[in-house]
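Visitor: Below is the sequence, then the predicted model.
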Amino acid sequence: MSQNHIAPNLVLLGVNHTTAPIEVRERLAIAPARLPDATRALAHQPGIREALILSTCNRVELLTVQEAGQASGTLNFFYEYLGISSADLQPHLYELREREVVRHLFRVASSLDSMVVGEPQILGQVKEAYATGREVGAVSTTLEGLLQRAFTVAKRVRSETQIGSSSVSIASVAVDLARKIFDTLEGKTVLLVGAGKMSELAARHLIQQGATSILVANRTETRAEQIAQQFNGSVIPFDQLYQQASRADIVITSTGAPQKLFERSHGQQFLQRRRNRPMFFIDIAVPRDVDPGVNDVEGCFVYDIDDLQQVTQANLADRAREAEAAEAIVTREVDKYLERLQSLNAVPAIQSLQQYAEAIRQAELRRSQAKLATLTPEQREAVEALTRSLTAKFLHHPLTGIRRAAREGDAQALDDLHRLYTGQSNSEPDSSKKI
Amino acid sequence: MSLLWLRVAVLLYGIASLAVLPAALYDRPRWRHVAIPATTAAIFFHFVSLIEMLNAAHHRLPVDTHETQSFLGLVLALAFLFIHARYKTVSLGIFVLPICFLLGLVPAFHPGEEATTFPHLHTGWVFLHVALLLAAYAALFLSLLASLLYLIQERRLKSKLPALSWLPPLETTDQIALKTLLFGLPCMTAGLLIGSVLAQQTIGASYFLDPKVLLSFAMWLAYIGMIFIRRHSGLRGRRAVYLSSFVFLVVLAVWAANQLSVVHRFTAP
């Protein structure tokens, strides 16, 4: 059967992180400010009825509903609007149609096609693309229904699987661990010892989660001041590190010191000063800054870079397991969506057949009007009921056949049934009204 | 009629005990919405049954072991609801709710038949004495439970094993352990004081030589000592569990001492 009867002329062209290197993706990327104009331009290409552009750091995809039997200008949009040559684009480009488009979109919205499976940002990005498409009038019935379904599927995947529940970056794992120790990070003090990118990232995550006070200790005081300023924190002179460190609930170390900075005895001192309130050491330095013996001190928790990476790997493995369950949900939802579309395809044929039969009934009643003139109102009512009942009974089997053909996606049978009973092809204009 | 209400309460405790498992272990809000209302309803029916039971027996006091058990179950369930409201965790329910279920099960199907032999006791004060001490026992039990859960989570975090997601953060567990202890202290103190005044009035000085009574005061001292150590040194983890376990053993000894007590007996078979 023609696929047009399943999902009408849905076509998706694009590149993503698996097909194209960053050099190609950055040439195609469309900034959010340019997105409305770009979507409008795509929608105005010949042969395109509806359009939507999804542009993120990992993908640029053009989703379109195309006019039947017309060549579309989607590729031209790539060449002309985005200014990339065919030779540069074609090796990385993928084209999906109909069912595969539906499946792909559901997977993208559910974060199954992301570089980090389960990351939550992609759904927001799809929603933004959809909002832009609606705003410029490029999204209409077909894409509206498809996108709404994609959001529902993504929500289902989130709520029925644990795909996004575990952290998969070092910084977010550190935050998760901190939250297992401290109920809330609000009001907690973070001490940054040394100045590394990773430790800054971890500190930023902790601040986002509510940590309020940041202390910075660095051998180079000017660098410490820079970081402290960045986080609105304060500087601890490096020679006072051991006196002041017990103020911190969370210590992030990333110095390049060749020997350990914190020994077990330091841990004991800190805990004593803190009256055994827990202290969390995140040691991102290699070689390590915190002696593993500190972890043996009751109330001290030490995680080095390997420990954090192990948690990350375990969480990634968890996500991969959850992704399998999510894929099953997506497959079921694609089937349900297409089945629903197919049943919608039956509606015009059913309506047309019913109108055709009703027109015949009315015509026959009009023809017999003179003969029926002598009937009493009750007898007229009985004739009305009889003809209606006969029409309904005659239509029962063809209508059941149409519904079944639509459900099974059998366009040929759908067309045959329609032609058999109305004398017209399904694709031809409805002639029943002429009777 | 009181037995009917108690059986309804026990059934509801049973439902709550089952519902709390997915609610806590798999963080399923739907099951949390079953566990909490079921516990609330169980407490209501349990309360009604207890009042009816005590009125019917004409003593208005939980006198026999079954009644006391049932009362302790009610106090524990109330404490669980309070902890849930304050700390937004149902994890303790995994342990507390089945205990409430079991504590109510025996009295619901095999009610006690003992009656008080002291009909002229100041019923209201004795009731308060019993209620306050049971609240203190419940508080100590919850504190010990929270300390154990703290220890389990702490061990996992230190061993770099995945933290148990159903357990609250260490800081929360520690707060539950400490706050329940602090709640238990005035209950125990007031309970013992009321008991002492009543004993002085009805029995006289000989009451204070009874092993049950002596152990009760030892228990109070141990309780005070434990709170002092915990607050002063911020004791947590393994040592806190040892300390709580020791005081809990003293409490069990006090409970068991009823069998040895000559004067602390108010029931006639």
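Guide: That came in fine, so what should we check first?

Visitor: can you tell me which residues contact the closest residue to chain A within the stretch 101-250 of chain B?
Guide: Nearest residue of the stretch 101-250 of chain B to chain A: residue B:234, at 3.6 Å (CB to the nearest CB). Where C-beta positions appear, they are placed from N, C-alpha and C, glycine not excepted. Residue B:234 makes contact with A:274-277, according to CB atoms under 8 Å, 6 or more residues apart in numbering or on different chains.

Visitor: 10 Å instead?
Guide: Shown in contact with residue B:234 (CB atoms under 10 Å, 6 or more residues apart in numbering or on different chains): A:271-272, A:274-278, A:299, B:174, B:178, B:240.

Visitor: That one and residue A:274, how far apart?
Guide: Separation of residue B:234 from residue A:274 (CB to CB, to the nearest Å): 7 Å.

Visitor: which neighbours do these two share?
Guide: Common contacts of residue B:234 and residue A:274 (CB under 10 Å, 6+ apart): residue A:299.

Visitor: And the residue of the stretch 101-250 of chain B closest to chain A, how far from residue A:299?
Guide: From residue B:234 to residue A:299 the distance is 8 Å (CB to CB).

Visitor: and the contacts of residue B:234, which two are the farthest apart?
Guide: A:272 and B:178 (19.0 Å; CB to CB).

Visitor: Just want to know which of these two has more residues nearby.
Guide: residue B:178 (20 against 14; other CB atoms under 10 Å in any protein chain shown).

Visitor: Which residues are in contact with that one?
Guide: B:143, B:146-147, B:227, B:230-231, B:234-236, B:240.

Visitor: try 7 Å
Guide: Taking CB atoms under 7 Å, 6 or more residues apart in numbering or on different chains, we find residue B:178 in contact with residue B:230.

Visitor: can you check residue B:94 too?
Guide: Applying CB under 7 Å, 6+ apart, the residues near residue B:94 are B:20-21, B:24.

Visitor: One more pass at 8 Å, please.
Guide: Residue B:94 sits next to B:20-21, B:24-25, B:166 when contact means CB under 8 Å, 6+ apart.

Visitor: who wins for neighbours among these?
Guide: residue B:20 (28 neighbours).

Visitor: so what's that one scoring on pLDDT?
Guide: For residue B:20, the pLDDT comes out at 94.

Visitor: Now do the contacts for the residue lying farthest from the centre of chain B.
Guide: Distance from the C-alpha centroid of chain B, by CA atoms, centre = their mean, peaks at residue B:160 (34.1 Å). Going by CB under 8 Å, 6+ apart, residue B:160 touches A:303, A:307, A:310-311.

Visitor: Over to residue A:285?
Guide: By CB under 8 Å, 6+ apart, the contact list for residue A:285 reads A:194, A:196, A:253-257, A:305.

Visitor: One more: residue B:84?
Guide: B:36, B:90, B:93.

Visitor: which element is it on?
Guide: helix B:65-87 (DSSP states H and E).

Visitor: what's the answer for residue A:375, then?
Guide: Per DSSP H and E, there is no helix or strand for residue A:375.

Visitor: how far away is it from residue A:381?
Guide: 9 Å.

Visitor: got it, and residue A:56?
Guide: Residue A:56 is 65 Å from residue A:381, by CB to CB.

Visitor: Comparing those two, which shows the higher neighbour count?
Guide: Neighbours per residue (other CB under 10 Å) separate residue A:56 from residue A:381, with residue A:56 holding more: 22 against 11.

Visitor: Tell me how far the more buried one lies from residue A:111.
Guide: For residue A:56 relative to residue A:111 (CB to CB), the value is 11 Å.

Visitor: joint contacts of the two?
Guide: With CB under 8 Å, 6+ apart, residue A:56 and residue A:111 have common neighbours residue A:122.

Visitor: which residues does the residue of the stretch 1-150 of chain B found nearest chain A contact?
Guide: Nearest residue of the stretch 1-150 of chain B to chain A (CB to the nearest CB) works out as residue B:87 at 8.2 Å. Shown in contact with residue B:87 (CB under 8 Å, 6+ apart): B:168, B:172, B:175-176.

Visitor: residues contacting residue A:191?
Guide: If you count contacts by CB under 8 Å, 6+ apart, then residue A:191 has A:214-217, A:236, A:244-245, A:247-248, A:250-252 around it.

Visitor: where do the contact lists of residue B:234 and residue A:299 overlap?
Guide: When contacts are counted by CB under 8 Å, 6+ apart, residue B:234 and residue A:299 are jointly contacted by A:274, A:276-277.

Visitor: OK, contacts around the residue located most distally from the centre of chain A?
Guide: Within chain A, the residue lying farthest from the chain centre (CA atoms, centre = their mean) is residue A:374, at 68.9 Å. Residues counted as contacts of residue A:374 (CB under 8 Å, 6+ apart): none.

Visitor: any idea how far it is from chain B?
Guide: 68 Å (CB to the nearest CB, to the nearest Å).

Visitor: for residue A:51, same thing?
Guide: Distance of residue A:51 to chain B, computed by CB to the nearest CB: 39 Å.

Visitor: hang on, that residue in a strand?
Guide: Yes: counting by DSSP: H, G, I helix; E, B strand; the rest coil, residue A:51 is found in a strand.

Visitor: Next up, the contacts around it.
Guide: So residue A:51 contacts A:39, A:42-43, A:45, A:62-65, A:133, A:138-139, A:143 (CB under 8 Å, 6+ apart).

Visitor: Please name the spatially closest residue to residue B:163 (chain neighbours excluded).
Guide: Of all residues not flanking residue B:163 in the chain, residue A:180 sits nearest, at 4.4 Å (CB to CB, 6 or more residues apart in numbering or on different chains).

Visitor: Name the next helix or strand downstream of the helix or strand where the one you found lies, please.
Guide: Assigned by DSSP H and E, residue A:180 falls within helix A:170-181. Scanning forward in sequence from helix A:170-181 by DSSP H and E, the next helix or strand is strand A:189-193.

Visitor: What angle do helix A:170-181 and that following strand make with each other?
Guide: Taking axes from the mean of the first three to the mean of the last three CA atoms, to 10 degrees, one finds strand A:189-193 and helix A:170-181 inclined to each other by 140 degrees.

Visitor: Many thanks, we can stop here.
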